[in-house]
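Participant: here is a sequence with its predicted model. Questions after.
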Amino acid sequence: MLELTRITAGYDRRAPVVRDVSLIVGHGEAVGLLGPSGCGKSTLAKVAALLHRPDAGTMTLDGTVVRGWRHRAPQEQRTAVGVVFQQPRLSADPRLSLRELIAQPLRSTGRRREVPARVAELAPLVGLSAELLERRPHAVSDGQLQRACLARALVLRPGLLICDEMTAMLDASTTAALVAVVEAYRAESGAALLAVGHDRVLLERWCDRTVRWGERNAESVPLG
Amino acid sequence: MTRDHAAAVLDVQNLSVRFRMRGGRDIAAVTGARFSVAPGECLALVGESGCGKSVLASALLGLLPANAQTTGSAVLGGDIDLLTAGERTLARTVRGRRIGLVPQSPAAHLTPVRTVRAQLEETLRELTGVRGAAAVREAAARASFPADHLDRYPHELSGGLAQRAATALALIGDAPLLLADEPTTGLDRDLVERTVDELRRHTDEGRALLIITHDLAAAERIADRVAVMYAGRIVEIADAGPFFGAPGPRHPYAKGLLDALPERDFAPIPGMPPELGALPDGCAFAARCTRADARCTTERPAFDDGLACHHGLTGRASHSLTKAAADA
C-alpha cells in the first residue's frame, strides 16, 4: 500500500532529520513506527501523508509513484490517505462546528451532497452526539475534538490511515475507544495503517508489527 | 506518613466550583472535593479530559475566570484559605513562594523572548533576593537542567529540557507544595519517567506534591495515593499500591480506566462522561456502569470511606479502608 524507499527529508537541506529511511506498509497491514521524541518519525509520517516533500528518495502509494506533495499531489492520491495528528486543537479550524469539521474533506472535493449521510453515519461510530456536533472546538474537550478529527480522517474512506501520536493527549479510556474505531474501520474497509508513536505497549497491542527507529538514522536503515 | 489534617500542607474540604454561563446556566465543574496532602507525600489526581481536574488546580491558585464561583475551603499550611485570600495575598505570598506550579506545557509557560538564564535570574531575584551566576547554576542543577543550555531560548529546547527549565523555576521559591498540572503531556516514555522521578525526588525532600494527570502509568510510578475524578467529583481516594495492584480499585469507573490500558484489557468504557452543565440526579457514572441499578439513577452516592459508589467493588483489605477513612 505504502512504500517509502531511502527517504531523506527535513527542514534544512544541510541537516535533514530523516536520512535514508525505508518503510513498507502492506495492503491491509497495521504498522507501528516507534521512536523517541525528536527522532524524525513525525516528519516521515508527514511525507507519507503527502504533506511534506522529501529531499530525496521515492514513495509509492498503492502501486503509483508519488510525484507531488501538498497542493501538487493529485486528488486521487491526496484523498487516499487520512491523517490524524497529536494535537486536535492545532489541527481544527476554531471557526467550524464539529459537524463542519468532519464534512470539510467532502466539501473540498465537491461531494457536498454526501455530507448529511456520511456525518450521520460517522458521528455515532466515534461517539459524538447530535448536540456535540453543533459545538465549536473551544466548547469541547481534547478527547471530544480528537474524536471529530478521527471522523474527518475517515470521511473520504481512505485506503491508508496515518495516526501520528493520535492518543498522546488522551486518557486511557478515550485511547482505547479511538483505537477501536480505527480497527472497526480497517476491518470493514481493508485499509492499511501507519501508527506513529513512542508508546511501545500501545503500538504493540494495536498493530500487526512494530518497527523501531534507531537512535539517529546516520546510514540507510530499512525499517521493515 | 501522617494523614492528620493539622499536619497537612494542603487540606481541601467540600471544594466546589460553578461557572455561571450566559442565559443563567450553571456548569458544575468541581463538586464537593475533599482531600489532603502531607509533607513528603504525592497525591495523584487522575481522570478523563474534561472531568474538572485542571479547574480544581486553577481554583487552588486563584486563577479562575471571573464567572467562576467557589465554595468550601482549601487551607494551605494550616493558616491561609486559598479560596478566600485576595489576589494581592496570592500574588505576593502564595504563588511561587508557597505553591510551586509545574505547568502543563512548559514551552508555553516560559517567556519565548528570554533565555532560561534570564528567567531564572528574575525569579531568583524576586523570590529570594539572591543574585549572581552561581545561584542560577544551582537553581538549574536542582531540576537537572544542564548549565551549558542556560543561554538558550525556550524554542531551542527539547520538550524534556523545557520541562526541566519550568520545574527549576517552580522549585526556586522552596514552596512546601508543588502543584504539577499534566507535567508529562506529550513527552515520550523515557522523559515521562525521568520527569516524574525528579518530581518524586523533590517530594522525598519533604515537599507535598499534587500531580494532576491522565497518565496512569506516570501516576503509578510516583504516587503514594490516588484520587479519581469523574464528572467534577472525586469518586475514590486510595493508596496507590492496592489501587494499581491487588485488590485493585473499588469504584467501577476507576476499574474501567485501568482496564482500558493497553497492557490490560484495552477495552474502552462505553459511552462518554455527562456534560457538566447537565449532570444527572443520581450517580454521574450510572449510564456507563455495568453495576448500576435503580438506586444509582436516583440517589447520588455520598463520598464516604474514600469511595462514592453504591456498589463498590469488594476485596479491598480492611486496613486500607481505615486509612482511606482518615481522608474523609
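Facilitator: Thanks, I have the structure now.
Participant: what about the closest residue to chain A within the stretch 51-200 of chain B, neighbour count?
Facilitator: Residue of the stretch 51-200 of chain B nearest chain A, by Cβ to the nearest Cβ: B:Asp188 (3.6 Å). The C-beta positions use only the backbone N, C-alpha and C, and glycine is treated the same way. The local packing of B:Asp188 (other Cβ atoms under 10 Å in any protein chain shown) involves 22 other residues.
Participant: now do the nearest residue to it once chain neighbours are set aside against B:Leu209, distance only.
Facilitator: Counting by Cβ to Cβ, 6 or more residues apart in numbering or on different chains, A:His198 is the residue found nearest to B:Asp188 once chain neighbours are left out, at 3.6 Å. From A:His198 across to B:Leu209, the span is 24 Å (Cβ to Cβ, to the nearest Å).
Participant: more neighbours: which of these two?
Facilitator: Shown here are A:His198 and B:Leu209; by other Cβ under 10 Å, B:Leu209 has more neighbours (27 against 23).
Participant: for the more buried one, give me its contacts.
Facilitator: Contact analysis of B:Leu209 by Cβ atoms under 8 Å, 6 or more residues apart in numbering or on different chains lists B:Val37, B:Glu41, B:Cys42, B:Leu43, B:Leu177, B:Leu178, B:Ala180, B:Leu199, B:Arg200, B:His202, B:Thr203, B:Ile222.
Participant: neighbour-wise, give me the winner out of those.
Facilitator: B:Ala180 (29 neighbours).
Participant: before we move on, back to that, between the contacts of B:Leu209, which is closest to A:Gln104?
Facilitator: Of all the contacts of B:Leu209, A:Gln104 sits closest to B:Ala180, with 36.6 Å by Cβ to Cβ.
Participant: wait, does the helix or strand hosting the closest one contact chain A?
Facilitator: Counting by DSSP states H and E, the element that carries B:Ala180 is strand B:177-181. No. Using Cβ under 8 Å from any Cβ of the partner chain, strand B:177-181 stays clear of chain A, coming no nearer than 13.6 Å.
Participant: tell me which strands and helices that strand is in contact with?
Facilitator: Judged by 3 or more Cβ pairs under 8 Å, 6 or more residues apart in numbering or on different chains; DSSP states H and E, strand B:177-181 is in contact with helix B:53-61, strand B:99-102, helix B:189-204, strand B:208-213.
Participant: parallel or antiparallel, which strands does that strand pair with?
Facilitator: strand B:99-102 (parallel), strand B:208-213 (parallel) (DSSP bridges).
Participant: put the alpha carbons of the last one into CSV.
Facilitator: Put plainly, it is strand B:208-213. The C-alpha trace of strand B:208-213 is given here as CSV (Å, rounded to 0.1, in the frame of the first residue of the first chain):
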residue,chain,number,x,y,z
ALA,B,208,3.9,17.8,49.2
LEU,B,209,3.1,17.1,45.6
LEU,B,210,-0.3,17.3,44.0
ILE,B,211,0.1,15.9,40.4
ILE,B,212,-2.8,16.1,38.0
THR,B,213,-2.5,13.7,35.2
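Participant: what angle do it and helix B:53-61 make?
Facilitator: Put simply, strand B:208-213 runs at 150 degrees to helix B:53-61, going by axes from the mean of the first three to the mean of the last three Cα atoms, to 10 degrees.
Participant: what about strand B:208-213, distance to the chain center?
Facilitator: 4 Å (Cα atoms, centre = their mean, to the nearest Å).
Participant: quick check: mean pLDDT across the helix or strand following that strand?
Facilitator: Per DSSP H and E, the first helix or strand lying C-terminal to strand B:208-213 is helix B:216-222. Mean per-residue pLDDT for helix B:216-222: 94.
Participant: now what about helix B:216-222, what contacts it?
Facilitator: A:172, B:42, B:44, B:46, B:184, B:189, B:192-193, B:196-197, B:199-200, B:203, B:209, B:211, B:213, B:226, B:240, B:244, B:257-258, B:261.
Participant: quick one: that helix to chain centroid distance?
Facilitator: Distance, centroid of helix B:216-222 to centroid of chain: 12 Å (Cα atoms, centre = their mean).
Participant: so which bits of that helix are buried?
Facilitator: Within helix B:216-222, the residues that count as buried by 16 or more other Cβ atoms under 10 Å in any protein chain shown are B:Leu216, B:Ala217, B:Ala218, B:Ala219, B:Glu220, B:Arg221, B:Ile222.
Participant: what's the most distant pair in those residues?
Facilitator: Between any two of those (Cβ to Cβ), the greatest distance is 11.2 Å, for B:Leu216 and B:Ile222.
Participant: what does B:Gly245 show for phi and psi?
Facilitator: phi -100, psi -130 (degrees, to the nearest 10).
Participant: kindly report the residues of the stretch 201-328 of chain B close to chain A.
Facilitator: B:214, B:216, B:256-258, B:260-263, B:266-269, B:271-272.
Participant: which of those are buried?
Facilitator: The buried subset of these - by 16+ other Cβ under 10 Å - is B:His214, B:Leu216, B:Gly256, B:Leu257, B:Leu258, B:Ala260, B:Leu261, B:Pro262, B:Phe266, B:Pro268, B:Ile269, B:Met272.
Participant: how about those in a markdown table, adding secondary structure?
Facilitator: Putting these into a markdown table (DSSP: H, G, I helix; E, B strand; the rest coil) gives the following:
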| residue | secondary structure |
| --- | --- |
| B:His214 | coil |
| B:Leu216 | helix |
| B:Gly256 | helix |
| B:Leu257 | helix |
| B:Leu258 | helix |
| B:Ala260 | coil |
| B:Leu261 | coil |
| B:Pro262 | coil |
| B:Phe266 | coil |
| B:Pro268 | coil |
| B:Ile269 | coil |
| B:Met272 | coil |
